[in-house]
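3D model of this:
(one chain, ligands or ions: 3)
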Amino acid sequence: MAQGDNGSSKSSSVTPYEEALDALSSLITKRTRVGDVNMEERFNVLYKYLKMLDLEEAISNMKIIHVAGTKGKGSTCTFTESILRNCGFRTGLFTSPHLIDIRERFRLDGVEISEEKFLVYFWWCYDRLKENTDDNVPMPTFFHFLALLAFKIFAAEQVDVSIMEVGLGGKYDATNVVPTPIVCGITSLGYDHMEILGNTLGEIAGEKAGIFKHRIPAFTVPQPDEAMHVLREKASQLNVPLQVVTPLDAKLLNGSRLALGGEHQYINAGLAIALCSTWLKMNGHLEDSYLKHIQHTLPEKFIKGLTTASLQGRAQIVPDQFINDEIPNELVFFLDGAHSPESMEACARWFSLAIKDQDQILFHQKLDNSNFSNQVVKMHNGETVQKKSTQILLFNCMSERNPQLLLPHLMKTCADHGVYFKKALFVPGLSVYHKVGSHALPATDSDVDLSWQLTLQRVWENLMQGNKEGKSNNSAPEELNMEMSASNCEHSAVFSSLPLVLKWLRDTVQQNQSTRFQVLVTGSIHLIGDMLKLVKK
Ligand SMILES: Nc1ncnc2c1ncn2[C@@H]1O[C@H](COP(=O)(O)OP(=O)(O)OP(=O)(O)O)[C@@H](O)[C@H]1O
Ligand SMILES: [Mg+2]
Ligand SMILES: [Mg+2]
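Ligands and ions are numbered 1, 2, ... in the order given. Model (predicted):
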């Protein structure tokens, strides 16, 4: 296999896979604002890359489902892939971001691409681009490269359907080089990436609608008026038949559950069903009359797809493995990569309901009392104790996000459901920003800059102060043994690294054996990825 020349000497301990990841890291650059001239110019260069990679014809023959939106793209694409795979088709799925390994972004028949195949296609593209680019046409940026690689992989693997998640925006996103998709979807719109996409919902909707193509059918979910107005306007300019899909009615699943948790997933599932049935119809696999019934009954294969799809880090519940075998499992992580105000609310709703929903949590002991948060549990020594649940928040977000928006949404939605956090923990990410590989090393604890986490902590403490007035939260404050090693305030603490947080949590669980700790981890997809690396060994 050809090994790319990425211009630096490698020590022999670097594996071929790590070498590819280093080459990929070299493509990471700063993002640009939509509206800057070079967004469009840069997008147009993609057609040159397609030529270099000999992909033009392949792309125009692909049977693509293209999905943009602020929230729910990955989930919608995952449901869509799972449904069509269960209908018997060979699928390619391109999503972003990844949590642990870059290969999560490229799935073939529902499984992330193997290292071997990844390396073959990676160097095939990388080397060709290196040979053909120069000062005038430089190497593609990181995300551009990944999208090109996805097209290459799906073309070479001859999948029946390629499901492509937009990375950012729509109009100038690298996935938008597709000339004629079979069908397009726009998921829930909201405020995110305003620094790049614009400040109003209308502007944001306009960017996302940039994936519409002349006469190609498109679907969306119920949207705020301002966004819907723009979507309809853009659709009519291009003669796009745009339909609004209502959330899936849970009854149609015949008693099963959607594979991805949270009420908002019914919105995404409804959209996925519309995308799949349209794709099937356009390719001659479904008759029109059948589509009419899909509102009332779902085919078995659709149900199977919706109830078995999987996506890490979205409403994921992970009991801590470390203490599993020693004491009843009393440390459970609730992981969700929400990082915008709307998704923070969705996440808080999911958490508040999930901690009360005993079916979802795989505890060792049999729960004989339906009141989950306050039950009698037999300990290993035979003693019977009254079990209490305590909720902890573990949070980080990128510094371009506004914690004054995120944290109040989170706290208020939880409070509306009667859930209050005993402590909020703030911690920086593990991964070094410019590395994409799992071999990226954490910075050492001593030189971590914690000023952002201290800011988050201040926001939280202020919110808690505000909350105290006029509200009798936390009804009977129970005393827990919670000694902190790090910067400790009444309701929160800052830790310098995730392993330290984990150690503290495990120690605390040991010291409070009659308490079940339910830890909501959210605010950043990177934090979720780092956490999964640590707890899912
Ligand atoms: N329809 C929705 N409405 C509101 N929030 C949602 C919706 N769907 C998903 N979310 C929230 O957004 C998070 C990310 O979901 P998902 O990965 O499906 O979206 P995405 O659009 O791909 O996001 P990203 O910007 O991270 O790529 C979820 O964990 C959940 O908290
Ligand atoms: Mg996003
Ligand atoms: Mg995504």
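
need the residues of this protein near ligand 3, please.
Applying CB under 5 Å from the ion, one finds that the chain approaches ligand 3 through 73-74. Every C-beta, even on glycine, is put in place using the N, C-alpha and C of the backbone.

repeat that with 8 Å
Counting by CB under 8 Å from the ion, the chain comes close to ligand 3 at 73-74, 77, 95-97, 165.

Which residues does the strand or helix carrying Pro408 contact?
Element membership for Pro408, per DSSP states H and E: helix 403-416. Helix 403-416 is contacted from outside by 339-341, 344-345, 347-349, 351-352, 391, 393, 395, 397, 420-421, 455-456, 459-460, 463, 467, 471, 473, 522-523, using CB atoms under 8 Å, 6 or more residues apart in numbering.

hang on, His491 packs against Asn462?
No - judged on CB atoms under 8 Å, His491 makes no contact with Asn462 at a distance of 10.3 Å.

neighbour count winner among these two?
Per other CB atoms under 10 Å, whichever of His491 and Asn462 has more neighbours is His491, with 19 against 13.

The closest residue to Thr141 other than its chain neighbours in helix, strand or coil?
In space, and not counting its chain neighbours, Thr141 is closest to Thr29: 5.3 Å by CB to CB, 6 or more residues apart in numbering. Of the three states, Thr29 takes coil according to DSSP: H, G, I helix; E, B strand; the rest coil.

Thr29 and Met139, how far apart?
Counting by CB to CB, to the nearest Å, the gap from Thr29 to Met139 is 10 Å.

and what of His409?
Noted for His409: a distance of 39 Å to Met139, by CB to CB.

again, but for Phe79
Noted for Phe79: a distance of 34 Å to Met139, by CB to CB.

go on, Met62?
Per CB to CB, Met62 is found 24 Å from Met139.

ok, these two, which is more surrounded?
Met62 (23 against 18).

Would you agree the more buried one is in contact with Val178?
Yes - the pair Met62 / Val178 is scored as a contact, 7.2 Å apart, by CB under 8 Å.

give me phi/psi at the residue in the stretch 351-500 of the chain that ligand 3 sits nearest to?
Scanning the stretch 351-500 of the chain for proximity to ligand 3 using CB to the ion identifies Met398 as nearest, at 14.9 Å. Main-chain torsions, Met398, degrees, to the nearest 10: phi -70, psi 150.

Kindly report the same for the one 4 residues further on.
Main-chain torsions, Asn402, degrees, to the nearest 10: phi -110, psi 100.

pLDDT score for it?
With respect to pLDDT, Asn402 scores 92.

and what of Ile28?
So Ile28 comes in at 87 (pLDDT).

Kindly provide the distance from it to ligand 1.
When distance is defined by CB to the nearest ligand atom, to the nearest Å, Ile28 is 17 Å away from ligand 1.

what about the longest strand in the protein?
Criterion DSSP state E: the longest strand present in the chain is strand 384-395.

Would that one count as contacting ligand 1?
No - judged by CB under 6 Å from any ligand atom, strand 384-395 makes no contact with ligand 1; its nearest approach is 13.6 Å.

Could I get the average pLDDT for that strand?
Mean pLDDT, strand 384-395: 84.

which secondary structure element contains whichever residue of the stretch 351-500 of the chain sits closest to ligand 1?
For the stretch 351-500 of the chain, the residue closest to ligand 1 is Phe351, as judged by CB to the nearest ligand atom, at 9.8 Å. Element membership of Phe351 [criterion: DSSP H and E] is helix 341-354.

re earlier: would you indicate which residues of the helix holding Pro408 are buried?
403, 406-411, 413-415 (16 or more other CB atoms under 10 Å).

quick one: is it near ligand 1?
No - under the criterion of CB under 6 Å from any ligand atom, ligand 1 is not reached by helix 403-416; the shortest gap measures 10.8 Å.
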